[in-house]
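Engineer: after the sequence you'll find the predicted model.
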Amino acid sequence: MHVFRPMPGSMFEDQVFFRLGEVDYLGLPVAELLPASHLVSSPPSLISIVHLPSTQDRRIKPDWLLRRARAWLNTDDTFRGEFLDLIIVVVDDSHDKNDFDFASTSFRRLPREWTRAWDLLSITDVNSQLYEGAHVISGRMLYRPFRIHNDIGGAFMMAIKPRVTKSKPLYGVRFAVKDVFRINGLRVTAGNRAYYAVSKPATATSASIQRLIDAGAELLGTLKLGSLIAREEPTESVDFHAPFNPRGDGYQSAWSSSGGSGAAIAAYDWLDFTIGTDTTGSSRRPAMANGVFQIRLTHNAIPIDDVVPSFPRFDSIAMYTRDILSMEKWVQVWLGNDQAASSDLPINIVYLSDFLPIANRGQMDLIDKFFDDLETAFDVKTQKMSIADTWAANTPADAGNLSVQEYLKDVGLNTFVYDVYHTMDGFRKEYHSQYSRQPYVNPVTRYRWGLAKNISKEEHDEAMKRLDVYKDWLLKYILREKTHDSLVILPITGQEVDYREDPPE
């Protein structure tokens, strides 16, 4: 006997809340039974719905129902054994007595402790197409149950009812996104209350996210981030409480700006992947802090024009997962087969002495082991190089006699900081128009904006030019893109204890 407990104040015209054991559910209406249907139930009842196959299909065996029930129990965390208490077999005019006898035979193959009864439902007794799986009958209404998960780590900004699409490559895969992507009907926060105050409901979902939804992935909600896509430690999180990193003792910083994306995928096994953005480390650092796999897609591999920008020249999308093999499959679907093809060029592993070794011996030992593993996997030797020395031997004409450090001095400041400020020009103008004051921003953003006010457009343009020169030089002399598929191993940052209560240095 199952324990079905409607939650207080739980019955509404268009939804039902209930609890099975310690698991909470939300039931949303999917169909209405005709008044004459013998299945109309007064107290809510748990059922499972299956569509009866035809005995004309020789591939169907008598254990089809048993295998279907096992699949639900083993792969669907929404499904529980209580939903097998009553099995409803949906039939139509094409079925005959042989099919009904077949259904009876299949039912008898189920373990007795699983289910007590089965019944037939003609498709003509309902007003819409029915999904297979767990349902609730209450009165004339059929509800589809959704499991309610608690956001115990505080990683989510907004929950969304997912759209479920079968027969798609990402069917059943669940994800959530950093709250900088437009989601139809929602207002973007960008991690900042002032930004949310002037944000308008989106009229469409960002193309990069819609591509995943169209492939069958189920969007569960939006995730927290550092205010205005900036670095923000928990002690600086004034607008929205920082998410909790589940690793270690649970009180380490999740880092940012995509901290919610890293913390959520590390904490919740009911999520398969999360999406963030990365400009100068916004996804790489949280992946390291929360102990998950992350891939930062090549800039513009998937356009992100309809995402809140930071430094458009560097802005890219990133995916987080706990399973690197699944990540490969999901990214291939996301990119499309034309972009997901691998290179035929020989692998080249690059060790840059400008950044390695690092002082943390334990971390360096892991990096060295990773180099060894790569060499074994690809049967190649690591090439040690120095950017500074290679530049000195092959200095671009535009650089004259300047070293690489001298040539790139202030380039990051005059490009990144300048754009971080000016991409928010429209936001500041709109906020001032509505509230007659400047928006509140966190200390890091205030500092950057203060620096940007003293950078001229001419200085910005010159710095962008130098960035282009350096990019072309790096591709030619360090990555050797025309002749090799190069893997450059770099430390993201030093690994150390970083408590939420500690203010940033």
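Structural biologist: That came through fine.
Engineer: who's in contact with Gly259?
Structural biologist: Gly259 sits next to Lys224, Leu225, Gly226, Glu232, Ala242, Pro243, Asn245, Ser253, Pro286, Ala289 when contact means C-beta atoms under 8 Å, 6 or more residues apart in numbering. In this view, the C-beta of every residue, glycine as well, is placed from N, C-alpha and C.
Engineer: quick one: which of these is most hemmed in?
Structural biologist: Neighbour counts for the contacts of Gly259, by other C-beta atoms under 10 Å, peak at Pro286, which reaches 34 neighbours.
Engineer: helix or strand for that residue, which one?
Structural biologist: helix 284-290 (DSSP states H and E).
Engineer: what's next to that helix, contact-wise?
Structural biologist: The list of residues contacting helix 284-290 from outside it, by C-beta under 8 Å, 6+ apart, reads 245-247, 252-256, 258-259, 261-263, 265-266, 276, 278, 293-294, 296, 318, 320, 492-493, 495, 498.
Engineer: what of stretch 494-505?
Structural biologist: Residues outside stretch 494-505 that contact it (C-beta under 8 Å, 6+ apart): 231, 233-236, 242, 244-245, 248, 251-253, 255, 288-289, 358-360, 362-363.
Engineer: what about it, how long is it end to end?
Structural biologist: Using C-alpha to C-alpha, to the nearest Å, one end of stretch 494-505 lies 14 Å from the other.
Engineer: now it: buried residues?
Structural biologist: For stretch 494-505, the neighbour count (16 or more other C-beta atoms under 10 Å) marks Asp498, Arg500 as buried.
Engineer: ok, now stretch 377-395?
Structural biologist: Using 16+ other C-beta under 10 Å as the test for burial, stretch 377-395 gives Thr382, Met385, Ser386, Ile387, Thr390, Trp391, Thr395.
Engineer: what's the mean pLDDT across it?
Structural biologist: Taken as a whole, stretch 377-395 has a mean pLDDT of 97.
Engineer: also stretch 183-192?
Structural biologist: 97.
Engineer: now do stretch 311-330
Structural biologist: Stretch 311-330 shows a mean pLDDT of 96.
Engineer: for stretch 225-241, same thing?
Structural biologist: In the prediction, stretch 225-241 has an average pLDDT of 95.
Engineer: and Leu487, what does it touch?
Structural biologist: Contact analysis of Leu487 by C-beta under 8 Å, 6+ apart lists Ile347, Asn348, Ile349, Val350, Leu374.
Engineer: low-scoring pLDDT stretches of the stretch 201-350 of the chain, where are they?
Structural biologist: For the stretch 201-350 of the chain, applying pLDDT under 70 flags the ranges 337-342.
Engineer: so which residues of the stretch 151-300 of the chain form helices?
Structural biologist: With DSSP state H, counting those that start in this stretch as the definition, the stretch 151-300 of the chain shows helices at residue ranges 193-198, 207-214, 259-267, 284-290.
Engineer: Asp101: which of those is closest?
Structural biologist: For these, the distance to Asp101 is smallest for helix 207-214, at 41.3 Å, taking C-beta to C-beta.
Engineer: contacts for that closest one?
Structural biologist: In contact with helix 207-214 (C-beta under 8 Å, 6+ apart) are residues 163, 165, 168, 170, 175, 177, 181-183, 204-205, 219, 275, 302-307, 317, 334.
Engineer: surely His38 forms part of a helix?
Structural biologist: No: using DSSP: H, G, I helix; E, B strand; the rest coil, the secondary structure at His38 is coil, not a helix.
Engineer: skip the chain neighbours and tell me the closest residue to it.
Structural biologist: Closest residue to His38 apart from its sequence neighbours, by C-beta to C-beta, 6 or more residues apart in numbering: Asp119 at 7.9 Å.
Engineer: who does the one you found form a beta bridge with?
Structural biologist: Per DSSP bridges, the residues bridged to Asp119 are Ile88.
Engineer: next, count neighbours for it.
Structural biologist: By the other C-beta under 10 Å criterion, the neighbourhood of Asp119 contains 11 residues.
Engineer: and it, what does it touch?
Structural biologist: Contacts for Asp119 (C-beta under 8 Å, 6+ apart) come out as His38, Leu39, Leu86, Ile87, Ile88, Val89.
Engineer: cutoff 10 Å now
Structural biologist: Applying C-beta atoms under 10 Å, 6 or more residues apart in numbering, we find Asp119 in contact with His38, Leu39, Ile47, Leu86, Ile87, Ile88, Val89.
Engineer: so which two of the residues you listed are the farthest from each other?
Structural biologist: Farthest pair in those, by C-beta to C-beta: His38 and Ile87, 15.2 Å.
Engineer: which residues of the stretch 401-505 of the chain fall in helices?
Structural biologist: 404-407, 411-412, 418-422, 425-435, 443-452, 457-477.
Engineer: restricting to C-alpha, output the fourth one in CSV.
Structural biologist: What follows is the C-alpha trace of helix 425-435 in CSV, where atoms were taken according to Å, rounded to 0.1, in the frame of the first residue of the first chain:
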residue,chain,number,x,y,z
ASP,A,425,26.3,51.9,-21.1
GLY,A,426,22.7,51.1,-22.0
PHE,A,427,22.0,49.6,-18.6
ARG,A,428,23.4,52.6,-16.7
LYS,A,429,21.4,55.0,-19.0
GLU,A,430,18.1,53.1,-18.6
TYR,A,431,18.6,52.7,-14.8
HIS,A,432,19.3,56.5,-14.4
SER,A,433,16.3,57.3,-16.6
GLN,A,434,14.0,55.3,-14.4
TYR,A,435,15.4,55.9,-10.9
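Engineer: that helix - contacts with which helices or strands?
Structural biologist: If you count contacts as 3 or more C-beta pairs under 10 Å, 6 or more residues apart in numbering; DSSP states H and E, helix 425-435 packs onto helix 193-198.
Engineer: which residues touch Arg140?
Structural biologist: Ala31, Glu32, Leu33, Leu34, Pro35, Ser37, Leu39, Val40, Ser41, Val126, Asn127.
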